[in-house]
Each structure stands twice: as C-alpha cells, then as structure tokens.
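Participant: Fold the following and give me the result.
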Amino acid sequence: MRCLAPLLLVGCSGSEPRALSVHWDQPIGAVSPALLGHNAVWSRGGLGIWDDATHAVRPDVDALVTALHPGIVRFPGGSRAMLYHFDETIGPYAGRKPQCDTFTGQLDPTTWGMDEALQYAEQRRAAVTLVTPWGDGTPERAAAMVAYANATSASTITIGVDANGHDWGTAADWAARRATNGHPAPYAVPFVEIGNEQYLSLRPGTNVCGTDHAFTQAERLENGVYIPSTVRDVAQQIAKTSRLIKQIDPSIRVGAPALTDVLGIQKDPATAISDVDANLATGDAWNPTLLALAGADFDFFVLHIYDFSTTPDRVRLADNLATSIDALRSLGATQAFAVTEFGTLFDGDTQLNALISADFVRVAAERGVLANLRHILIEDQPSGLFATSAAILGDTHLQTPGYHAMAALADALQPIAVAASSPDPQLTVLATRDDATDTLGIAVIDRRLAQTVIDLALPLPAGHWHGTQTIESADSLTSSDVQLEQTPIEVTGTVHLVLPPNGLAVLRLTTIP
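Facilitator: Alright, predicted model coming up:
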C-alpha cells in the first residue's frame, strides 16, 4: 500500500530516515546543458517538429520543446544520417531533393533541411552534434558539411575532389552558400561524429530508396564498390576526415564510435570485435585498433548504451555507461566521451525510462562526459522502432515519463556536481550547486527493485532554503501512468522526504537572504 503522508513528513514507513551523504564543498564534475540532450532526426519534418505544408515549426510542439530546455540535439540522426546529403537539403525549396530514410527504405521530400534544423537549435539555445554520412559518404563530403555549418568566408582551405570524382570546392564556397541562404554567421557547431555504429551490420531486410541494395551501417560505397567497414577501414577514414575537418575548424571536436554494446549486449571494450571483422576473421579488436590507427585524430569516443531485454534490472542501465568508460580508459584512451544514444527497446514510454534518463545524467556528470543525449526528442509514429522512447510521442504529443524527468532536471540542476552517496547503491544521488552555493539542484533516483517506500534525510549547506520538490513515481517500473507531485518547500539544515517505489525526486532550492 502506498504511503499517503505529505511528502515532507518523516516516519511514513515507521522507521528512521536513511541518511544521504552530500559534501557540498567537494566538486566532482560539471553539469553542462549538453548533458541534457536529445536526438532529433531529419526525416518527416524532424519526426513532427516541422510542418511541410506551411514551412514552419509547429507551435504546439515548439512550446513543449522549449519547456524541455534541450541543451544539445543530434542531427541529422543515427542510422538516418548514413545516406543524408546535406547539400541537397539547403537553399530554395524547389531545388531540394528527397533524402533516403534508411528506417523506411523510402525517399522523403521533407523541407526540414540542414538550415531549418540548425536554426531551430540556435533559437532554442541548444548546441548541435552533427553526424556525417557513411554509406555513400567521403571525407570531403563530411568536410563540406562542417564547412557549411562552421566555415567563414575568409577560409583558405580547399576541400577538393573525393574518391567518387565529386569536387567539393572550398570551405569559403560553403560559407558563401550559407550566407546566401540567410545565415551569414557560422552556426558554431561544437561536435561532429564520423558515421554511426559502423561496427553493426544489421540490415533492415529491404532494399532502400529504389536501389537494389539493402542498407547496412557496416559498409560504404566508394567509386561504385561496396567496401566492408572493418575497423581498419573505419580508422583510416576517421583519421583522414578529422584532419580535413580540423583544417576548416580547428575548434570542432571529432567523435569516433566505440564498440561497447551490440544490440543491447554489453561487450568487453578491450576484446570486442565488430560483425564485419568477425566475418572476415581479421582478429582486429575494435577499440584498441581504433586507438592505434586514429587515436591521434579524434577527440572523443561515441558511446551508445542500450538494453533490449525486458528484465527489471534495466533500471540500472547507467552502470553500463560507467563500466564502459572505465574499461576504455584502462586501454590507455585519453579521449573524452560522449553518449549520443541510450535507452531500451521496450517500455520507453514508462517510468523505467524516466529513471534511466535521470541516472544517465548522474553518471555523465560524475564521469566528465562531454554530452549525453537520450533517444529521442519527438516521434510522430508511435509504432516505429524505438518510438516509445520519445519525450514527445504521437499526434497527440503525449509527454512521456522521460519528458517529465528531463524537464525537471533541466530546470533544477546547477553547473557544479558535488560528492554524494547513499547507504543503498541502488538509490543514487546527483547533487549540484552554482558557483556561490546560492542555488542547489538535487536528484534522487530509486533503482531498487523492492516496492517499498523509503524515508530519506539529505543535508543542506548552512542557511535557510526555499524552492520546489518534484516527485515522479508509478505503481510499477513499466507503468506509463505516472504521478507527478510538485510541492513548495522551505527548510533549514536537512531536507526530509518520502520517496515512493520507482520514484524520482528532483529539488531546486535557493537561499533566503
């Protein structure tokens, strides 16, 4: 039976509160807006952001996205980026070409192009991580994409002719085209990922977009020849692409895919071999080979962490992120890390997703991750693959439990994470503050599988504090029917709260002069 006592009272469970430990004077990491990110793809108008009929952002969706405060978005997608030709999506609508949606296998004529997406991110004050095409991509095509986003008219860099005979001109040419299309200033995109999950040879089973070839992420087409994406080929392409991109924009940070997870199965980063390398019996372990051949040329590992099972312990998925980072560092990796996809295949629209989302932000802050993007911002077709993981779901724009969790975190969390712990390792805590310790943001995440209420006591810095406490909970981990309770609080010394089973507590507190 659920305790019905007021959320700030102690003693609901009949026991003394369990003490959480917070050391407000011990910083352990940073909480940048980039830890509160979402994937946003190009197809079907960003899966519901854009109205192709009016060539405008949907106002109702915009209001929901604005309230979510996304710190970073990923464009043009993951798998859907692999055949994306940015140069065919810019300029006057009449001159644009439909792009290949690798999920559906069909051409999509949406007018939500690269400028529309980057300008929308700019308006929402969200950073962007670009994903370059791979299936028919080249280092020169990737460099032109970055040049369109970030180059200046003063650039003297020649991109040149690629292996397919296409002349990509100069970086200044693309800066001039961007200016002609209405955005003279660079977009200042901070991150670029070279392809997506090239270690995974999963095929959708159908030929794509009028071709006689099934799409896979684990090969690329060069001069009419399909080349398997062995780790050696991937490393060589990443090194070449990164060097060219950094001539155009030395400040942009380049990401390469780490192999730590395949279809939701955790792999040993030291020994994991890709599908292609296994089939060809190269014996090349992905991550050590990538480090050896391209480690000097990329700035961060791209991590994708999933769970495809239906077990309750999926709620602890963020532990896989911590384990993966630690394992890659043990290989001698000095690169940073960015999580650009994470989630579950099933139950994405339940409280499970809300708890996982909050816990990933915690681990990202503790491990110094550059960016952390959940899958996915919006999905207009709830029946699609991974669709229920969307923050905003379907034509009714349902705000899923993950939406509420991310919105609460975006409103509460402060820039400095401090040391915090609990007596139960499955009850995790993220405690944050501003520089002056005048504002606090706290998240308490119940990853326990026991369906019991827990009384908690959390110490605060000296002073008198006021603000709000939001509790999100559900009768079961896989329930989409969540309870949201927001309570004003005023407290000195210690915050006492009663956390229901499967609960997430988010507090934002400010000192009272």
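
Participant: Three-state assignment for the most centrally placed residue in the chain, please.
Facilitator: Here the mean C-alpha position of the chain is nearest to the C-alpha of residue 373 (Cα atoms, centre = their mean), at a distance of 1.3 Å. The local conformation at residue 373, judged by DSSP: H, G, I helix; E, B strand; the rest coil, is strand.

Participant: what about it, distance to residue 390?
Facilitator: Distance of residue 373 to residue 390, computed by Cβ to Cβ, to the nearest Å: 13 Å. C-betas here are computed from N, CA, C, even on glycine.

Participant: ditto for residue 200
Facilitator: Relative to residue 390, and taking Cβ to Cβ, residue 200 is found at 22 Å.

Participant: who does residue 416 bridge with?
Facilitator: residue 30, residue 433 (DSSP bridges).

Participant: how is this structure carved up into domains?
Facilitator: As given by automatic domain parsing, the domain ranges for the chain are 18-28+417-511, 32-412.

Participant: Output those domains in TSV; the columns should cover mean pLDDT.
Facilitator: Formatted as TSV, the domains of the chain follow (pLDDT from 0 to 100):
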stretch	mean pLDDT
domain 18-28+417-511	97
domain 32-412	96
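
Participant: out of those domains, deepest packed?
Facilitator: Mean neighbour count (mean count of other Cβ atoms under 10 Å) peaks for domain 32-412 among these, with a mean of 20.

Participant: can you give me the offset of that one from its chain's centre?
Facilitator: Put simply, domain 32-412 sits 9 Å off its chain's centre (Cα atoms, centre = their mean, to the nearest Å).

Participant: Can you give me the first-to-last residue distance of it?
Facilitator: Distance across domain 32-412, first residue to last, is 12 Å (Cα to Cα, to the nearest Å).

Participant: wait, what's in contact with residue 471?
Facilitator: Going by Cβ atoms under 8 Å, 6 or more residues apart in numbering, residue 471 touches 7, 483, 484, 485, 486, 487, 497, 499, 500, 503, 504, 505.

Participant: correction: residue 277
Facilitator: So, once contact is read as Cβ under 8 Å, 6+ apart, residue 277 ends up touching 230, 231, 283, 284, 286.

Participant: Which strand or helix spans residue 445?
Facilitator: Using DSSP states H and E, residue 445 sits in strand 439-446.

Participant: Show me the beta-bridge partners of residue 420.
Facilitator: Going by DSSP bridges, residue 420 forms beta bridges with residue 22.

Participant: Looks like it contacts residue 430 (just checking).
Facilitator: Yes. Counting by Cβ atoms under 8 Å, residue 420 touches residue 430, with 6.9 Å between them.

Participant: just to revisit the earlier point, of the contacts of residue 277, which belong to helices?
Facilitator: 231, 286 (DSSP state H).

Participant: In a markdown table: the contacts of residue 277, plus distance to residue 385.
Facilitator: Below are the contacts of residue 277 laid out as a markdown table (distance: Cβ to Cβ, whole Å):
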| residue | distance to residue 385 |
| --- | --- |
| 230 | 27 |
| 231 | 26 |
| 283 | 32 |
| 284 | 30 |
| 286 | 24 |
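
Participant: of all the contacts of residue 277, which comes closest to residue 442?
Facilitator: Proximity of those to residue 442 (Cβ to Cβ) peaks at residue 286, which lies at 38.0 Å.

Participant: Return the residues in contact with residue 43.
Facilitator: Residue 43 is in contact with 77, 80, 99, 101, 103, 104, 108, 110, counting by Cβ under 8 Å, 6+ apart.

Participant: Tell me how far the fourth one lies from residue 199.
Facilitator: Just to be clear, that refers to residue 101. Distance, residue 101 to residue 199, by Cβ to Cβ: 22 Å.

Participant: Name the nearest residue to residue 299, ignoring sequence neighbours.
Facilitator: The shortest distance from residue 299 to any non-neighbouring residue, by Cβ to Cβ, 6 or more residues apart in numbering, is to residue 253 (4.1 Å).

Participant: next one: residue 465
Facilitator: Nearest one to residue 465, counting by Cβ to Cβ, 6+ apart, is residue 509 at 4.2 Å.

Participant: In three-state terms, label that neighbour for me.
Facilitator: Taking three-state DSSP, the label given to residue 509 is strand.

Participant: Just confirm it contacts residue 463, I think it does.
Facilitator: No. With contacts defined as Cβ under 8 Å, residue 509 does not count as touching residue 463, sitting 9.6 Å away.

Participant: what's the spacing between residue 377 and residue 402?
Facilitator: With the distance defined as Cβ to Cβ, residue 377 ends up 10 Å from residue 402.

Participant: Could you tell me which residues touch both of these two?
Facilitator: Counting by Cβ under 8 Å, 6+ apart, the shared contacts of residue 377 and residue 402 are 390, 391.

Participant: what's across from the residue nearest to residue 465 in the sheet?
Facilitator: Listed beta-bridge partners, residue 509: residue 440, residue 467 (assigned using DSSP bridges).

Participant: can you tell me the helix or strand for residue 324?
Facilitator: If you go by DSSP H and E, residue 324 is part of helix 318-330.
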